[in-house]
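Visitor: Take this sequence and fold it.
(chains A and B)
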Number of protein chains: 2
Amino acid sequence: MDNEKERLPVLRLTEKGRSSIEDVVAREFPLTIILNNEELVTLLCSPTNLKYLAIGFLFSEGLLKSKEKIKKIIVDNRSGVVRIETEEELAPNVLFKRLITSGCGRGASFYSAADAQNQAKVESKIELSIHEVFDLVAEFQHRSQIYRATGGVHSAALCDTKSILVFSEDIGRHNAIDKILGACILNDIATDNHIIITSGRISSEILLKVAKRNIPMIISKSAPTNLGVRLANDLGITLIGFVRGRRMNVYTHNWRIVT
Amino acid sequence: MDNEKERLPVLRLTEKGRSSIEDVVAREFPLTIILNNEELVTLLCSPTNLKYLAIGFLFSEGLLKSKEKIKKIIVDNRSGVVRIETEEELAPNVLFKRLITSGCGRGASFYSAADAQNQAKVESKIELSIHEVFDLVAEFQHRSQIYRATGGVHSAALCDTKSILVFSEDIGRHNAIDKILGACILNDIATDNHIIITSGRISSEILLKVAKRNIPMIISKSAPTNLGVRLANDLGITLIGFVRGRRMNVYTHNWRIVT
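Guide: Residues are numbered from 1 along each chain as shown, chains lettered A, B, ... in the order given. Predicted structure coming up:
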């Protein structure tokens, strides 16, 4: 875990005076993804689970669709490069289009009404009681607090109705979720009928990542955006925000939350 | 301001029962930037100050350097397009390179040691008392709270030692700062010897934006990353994090904070 953090000297100032202390800050690491010998993108991330991050990113972006066709994944932790070789056919135009608009500000095409229509609706009859939601979020908080010494990272988790199955953290909220999805893809962990919990805001991009893996429910302590809510509604996903204390807001498909 | 928010029906659940309420969520808006008839990027943003965002983004990315050479800025609020025409020479390769790595995960080249060395050091003798820092952050918090009904946005501000001069908010922490910088560029507001306050994490990308405008100090309630601290140190910028209650952490160039 120490790989993710760095100890730094810092001056702590209060009105009563100044003291030299040591602070722990999150490391920020550039990871370059090379797909079939083509350099695609460099992500700034926390330097853990780089393989999962790269695979999750490529599937979330729609660049890869088949795990079976992946021939090789080589991670160079020192230089910050993941090389992936696939036998899938990659449409060069799609690739270019995606990349132009990659990152924090994704392309309009990516979350447009047309794109959402192309995305299959999530069909799942999973139901959760309100107590199960609170229990999952409590476990998530607990796990996050253990890891989050720095105050500078996001967490994400894949859960069933009873407990957390995969947990990750990253300085980026997108990356934290891509790490989860990459782990599920490579380790054959089912995401159908499961739940994503995130510490971050639920925007349209986050929602589409979740929809692509056919996940019917996403829960956050934070706020959604209006496009996040609209897509969740259109794609059959239950979106729960602002789980704080003993209450929550259910924005879409609230029939999945039973009492 | 209502442009930035949308009212949505939501089911509020507590252990005692369920009620239908109305919630206000942040709007997420796709803004496409077209520079000299070339479509560059689509940012997801809050739909305010689109002109400032576009200009701030282009200067932060190093795509534009001269305000004087800008011939035209046309904002189409409805379609979400900003068209900018400049007489500056744009190197097409640089452009491509930048864009590939644009967004949340920027390119390694962008914050590499080499890049930081190319970036001029910020020279400024500005000093702030600890009380001035607390007062500025209190004003910033106050302004943020007024605007932040949704819980889903970041804020940023440009200040002198006494008060806030420019304030902005956006669903993205990068965008909030680019809006400030764009406003300063277009309205001829000096940034030398001034201060940026942000609600967000201080990563290497944020630090480089600030360095590009020759701003000697950045303050946040949140955490920095290790690369943010390293760049601040190398580039002569005072980085203050975790301003909470009546204390703060000064990570770099603490001689600018006097008692």
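Visitor: which residues in the stretch 51-200 of chain A form strands?
Guide: Ranges of strands in the stretch 51-200 of chain A, per DSSP state E, counting those that start in this stretch, are A:70-76, A:81-86, A:128-129, A:154-159, A:164-170, A:195-198.
Visitor: residue contacts, A:Gly56?
Guide: Applying C-beta atoms under 8 Å, 6 or more residues apart in numbering or on different chains to A:Gly56 gives the contacts A:Ile177, A:Asp178, A:Lys179, A:Ile180, A:Leu181, A:Gly182, A:Ala183, A:Ile185. Any C-beta I mention is one placed from the backbone N, CA and C, and that applies to glycine too.
Visitor: Then A:Asn37?
Guide: A:Arg83, A:Glu85.
Visitor: With adjacent residues omitted, what lies nearest to A:Asp192?
Guide: Nearest non-adjacent residue to A:Asp192, counting by C-beta to C-beta, 6 or more residues apart in numbering or on different chains: A:Asn214, 5.1 Å away.
Visitor: distance of A:Leu8 from B:Gly245?
Guide: Between A:Leu8 and B:Gly245 the computed distance is 21 Å (C-beta to C-beta, to the nearest Å).
Visitor: what do you get for A:Arg173?
Guide: 26 Å.
Visitor: right, is stretch A:174-188 up against chain B?
Guide: Yes - judged by C-beta under 8 Å from any C-beta of the partner chain, stretch A:174-188 comes into contact with chain B at A:His174, A:Asn175.
Visitor: in that stretch, what's buried?
Guide: A:His174, A:Asn175, A:Ala176, A:Ile177, A:Asp178, A:Lys179, A:Ile180, A:Leu181, A:Gly182, A:Ala183, A:Cys184, A:Ile185 (16 or more other C-beta atoms under 10 Å in any protein chain shown).
Visitor: is it true that A:Leu63 touches A:Ile33?
Guide: No - using C-beta atoms under 8 Å, A:Leu63 is not in contact with A:Ile33; the gap is 9.3 Å.
Visitor: Tell me which of A:Arg173 and B:Gly245 has more neighbours.
Guide: A:Arg173 (24 against 8; other C-beta atoms under 10 Å in any protein chain shown).
Visitor: Enumerate every residue touching the more buried one.
Guide: Contacts of A:Arg173 by C-beta under 8 Å, 6+ apart are A:His154, A:Ala156, A:Thr198, A:Ser199, A:Gly200, A:Arg201, A:Ile206.
Visitor: Please list the outside residues in contact with stretch A:131-146.
Guide: With C-beta under 8 Å, 6+ apart as the criterion, stretch A:131-146 contacts A:155, A:157, A:159, A:161-164, A:167, A:169, A:195, A:197, A:199, A:219, A:221, A:240, A:243, A:246, A:248, A:257, B:15.
Visitor: on that earlier part again, need the contacts of A:Gly56 in CSV with distance to B:Leu53 and pLDDT, can you?
Guide: Converted to CSV, the contacts of A:Gly56 look like this (distance: C-beta to C-beta, whole Å; pLDDT from 0 to 100):
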residue, distance to B:Leu53, pLDDT
A:Ile177, 25, 97
A:Asp178, 26, 97
A:Lys179, 30, 97
A:Ile180, 31, 98
A:Leu181, 30, 98
A:Gly182, 32, 98
A:Ala183, 35, 98
A:Ile185, 35, 98
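Visitor: Relative to A:Gly151, how far out is A:Ile215?
Guide: 28 Å.
Visitor: center of chain A, which residue is that?
Guide: Centroid-nearest residue in chain A, with C-alpha atoms, centre = their mean: A:Ile177, separated by 1.3 Å.
Visitor: Next up, the contacts around that one.
Guide: Contacts of A:Ile177 by C-beta under 8 Å, 6+ apart are A:Gly56, A:Ser60, A:Ala156, A:Ile196, A:Thr198, A:Ile206, A:Lys209, A:Val210.
Visitor: before we move on, the earlier item: CSV for the strands of the stretch 51-200 of chain A, including mean neighbour count and distance to A:Thr252?
Guide: Conversion of these to CSV gives the following (neighbours: other C-beta atoms under 10 Å in any protein chain shown; distance: least, C-beta to C-beta, whole Å):
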stretch, mean neighbour count, distance to A:Thr252
strand A:70-76, 13, 34
strand A:81-86, 19, 34
strand A:128-129, 16, 14
strand A:154-159, 25, 18
strand A:164-170, 22, 23
strand A:195-198, 26, 14
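Visitor: Which one, of these, ends up nearest to A:Glu38?
Guide: strand A:81-86 (10.2 Å; C-beta to C-beta).
Visitor: Within the sheet, what are the partner strands of the closest one, with directions?
Guide: Using DSSP bridges, the strands paired with strand A:81-86 in its sheet are strand A:29-35 (parallel), strand A:70-76 (antiparallel).
Visitor: that older thread, anything in contact with each of A:Leu63 and A:Ile33?
Guide: With C-beta under 8 Å, 6+ apart as the test, A:Leu63 and A:Ile33 both reach A:Leu40.
Visitor: mind checking how far the closest residue to A:Ser124 other than its chain neighbours is from B:Glu85?
Guide: Among residues not flanking A:Ser124 along the chain, A:Pro216 sits closest, at 3.6 Å (C-beta to C-beta, 6+ apart). A:Pro216 is 47 Å from B:Glu85, where distance means C-beta to C-beta.
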